[in-house]
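S.K.: predicted model and sequence below, questions to follow.
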Amino acid sequence: MVSVAQNRTLPELLRAIVNGIACCHNVALARIWLVEPGDLCATCRLREKCPDQRRCLHLVASAGASKDGAVELTGINGAYRRLPIGFGKVSPADSGEPVLLKNLTGDEDWIADPAWFRREGIRTFAGQPLVFQGQALGVLAIFDRGELNDDDFAWLRIFADHAAVSIANLNAYEEIAYLKERLEEENIYLREEASIAAGSGELIGESAALRKVLQQIDLVAKTDATVLITGESGTGKELVARAIHAGSSRKDRTLIKVNCGAIPEPLFESEFFGHTKGAFTGAMRDKPGRFELADGGTLFLDEIGEVPLAMQAKLLRVLQEQEVERVGDTRSRKLNVRIVAATNRDLSAEVEAGRFRQDLFYRLSVFPIDNPPLRQRREDIPPLADHFIRESASRLHRRPPKLTEGVVRQLTAHDWPGNIRELQNSLERAVILADGGPLHLEISPPPTPTAPSSSPAATSPLLTRRELKQQEREAITAALAQTGGKVSGPDGAAALLGMKPTTLYSRITALGLKRKPI
């Protein structure tokens, strides 16, 4: 009992329990099933017989050996790896009453492998419920080659009670450790976001274009629908996301932001879903991902168009199932996360080009909101300018300069290709240059395209590996479209591209393209 209680992880504890029992005289097999969420049972052969598929018994530990010691029985993928609660003879988890069956012959209809039963000479099955404070945690069962007497069965009851306490304590310990990790990560994240949120302000203006956005926010904020915010860079898509969160029932939980364009591709999975200690080099401790941090709140996926194709499939599965599995872990964690995504790309065009999954696009664009550029809401420029001038002056500890009619005309005449972000930065620079005096605005004209040079360097620019891969993707996609998806033959895409059909097949697979007609 002492050695069992010393284990610090649930898998270690369960192995210690069954290994200890399997060492006893005449015990052929010791097993533990725990009550776990039933949504893990997609492959359960008894799924149709399960009265409540939300919870069922999952085989989590097994120990034993054949009569001659040649075969160890440690696998947990047998016929009864998943059991509906109350099914067959492993019923103590449902009734709370122990089960003792003696004088078995191997012909009983509930036995999954009668040949093994007879070969090993199994005579007794004993099952004790694992109960802690009135709650059924699972079942401890043994298959014995002898006949258990009342003392043996009572001893198994005592062992099951101690095991239930140890399991409950360890579950509580792991839950506390998980909540502590999550709280630490939330605190770190919130400290990083505090300065951003403090200066983010609110949606300012009275234009028809902005009023339409505000009406859409008001409609969708009260729901848990997934939102896709589109718009040019600098239009304030994050402000829209924050307004949606603030108007929702999740406003008391955290709004977690992920800039998908700033995460290195090898770290996407760990950043999104978390990892366990030792999952990879540098993983010194368990770390929850952004999805776990946003549990009960909102996850803002900024620049969603930057997510690599390989990661998009995993992201789609999490959005559909609402559960994550940390890198290096085998457990799935059920979540309740509202998704708001944003992009300055045309995702429809990205789908057509094969750079973005169509099913993920449909999953994200349940409720699209198009954030208009500043040039389409020029009447909002004066109140925005006044707000940014006062904000900059306060931050710089200066008296805010007056916003004159001449400056307003100058501001509203400009197209602001960088949108609100450009306007804010230009006004902050103007406040600095004013130095307590009148406001003078210096607006740089947008860069004009230069005529192409005839030099070799200009006509043949160096391309990065990503650009080369993108060019290859576009060329193959165009060839497949022109040939109706046909690859080989004189009128196939391979002939158009000057490639061997086998080479083109491998490139299509590597790039994740489809050969069907586009």
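M.R.: Okay, I see it. Numbers count the residues shown, from 1 in each chain.

S.K.: the bottom helix or strand of the chain by mean pLDDT?
M.R.: The helix or strand of the chain with the lowest confidence, counting by mean pLDDT, DSSP states H and E, is helix 456-459 at a mean of 46.

S.K.: before we move on, what SS does residue 339 have?
M.R.: Assigned state for residue 339: strand (three-state reduction, DSSP: H, G, I helix; E, B strand; the rest coil).

S.K.: beta partners of it?
M.R.: Note on residue 339: beta-bridge partners by DSSP bridges are residue 299.

S.K.: I'd say residue 334 and residue 325 touch.
M.R.: No. With contact taken as CB atoms under 8 Å, residue 334 and residue 325 are classed as non-touching, separated by 11.0 Å. All C-beta spots, glycine's among them, are computed from the backbone N, C-alpha and C.

S.K.: neighbour count: the two, which is higher?
M.R.: Just comparing residue 334 and residue 325: by other CB atoms under 10 Å the higher neighbour count belongs to residue 325, 18 against 11.

S.K.: and the gap between that one and residue 484?
M.R.: Between residue 325 and residue 484 the computed distance is 40 Å (CB to CB, to the nearest Å).

S.K.: then residue 336?
M.R.: Relative to residue 484, and taking CB to CB, residue 336 is found at 45 Å.

S.K.: and residue 301, by the same measure?
M.R.: 35 Å.

S.K.: more neighbours: the two, which one.
M.R.: Set side by side, residue 301 and residue 484 give different neighbour counts by other CB under 10 Å, the larger being at residue 301 (26 against 13).

S.K.: so that one sits in a helix?
M.R.: No. The assignment for residue 301, made by three-state DSSP, is strand rather than a helix.

S.K.: what sits against it?
M.R.: Counting by CB atoms under 8 Å, 6 or more residues apart in numbering, residue 301 makes contact with 258, 260, 307, 339, 340, 341, 342.

S.K.: which residue is the nearest non-sequential neighbour of it?
M.R.: Ranked by CB to CB, 6 or more residues apart in numbering and with sequence neighbours excluded, the top spatial neighbour of residue 301 is residue 341, at 4.3 Å.

S.K.: same check, this time on residue 268
M.R.: Here the nearest residue to residue 268 in space, its sequence neighbours aside, is residue 311; by CB to CB, 6+ apart that works out to 4.6 Å.

S.K.: what comes up buried for stretch 241-248?
M.R.: Under the neighbour-count criterion of 16 or more other CB atoms under 10 Å, stretch 241-248 has 241, 242, 243, 244, 245, 248 buried.

S.K.: which other helices and strands contact the strand or helix carrying residue 62?
M.R.: Taking DSSP states H and E as the definition, one finds residue 62 inside strand 55-64. Under the contact criterion of 3 or more CB pairs under 8 Å, 6 or more residues apart in numbering; DSSP states H and E, strand 55-64 touches helix 10-22, strand 27-37, strand 82-83, strand 135-144.

S.K.: quick one: closest of these to residue 416.
M.R.: Nearest of those to residue 416, taken as CB to CB: strand 27-37 at 51.1 Å.

S.K.: the closest one vs helix 10-22, what angle?
M.R.: Here strand 27-37 points in a direction 150 degrees away from that of helix 10-22 (axes from the mean of the first three to the mean of the last three CA atoms, to 10 degrees).

S.K.: now residue 428: closest residue in space that isn't a chain neighbour?
M.R.: residue 392 (4.3 Å).

S.K.: was I right to think that neighbour contacts residue 426?
M.R.: No. At 10.5 Å, residue 392 and residue 426 do not qualify as touching, with contact defined as CB under 8 Å.

S.K.: what do the two both touch?
M.R.: What both residue 392 and residue 426 touch, as defined by CB under 8 Å, 6+ apart, is an empty set.
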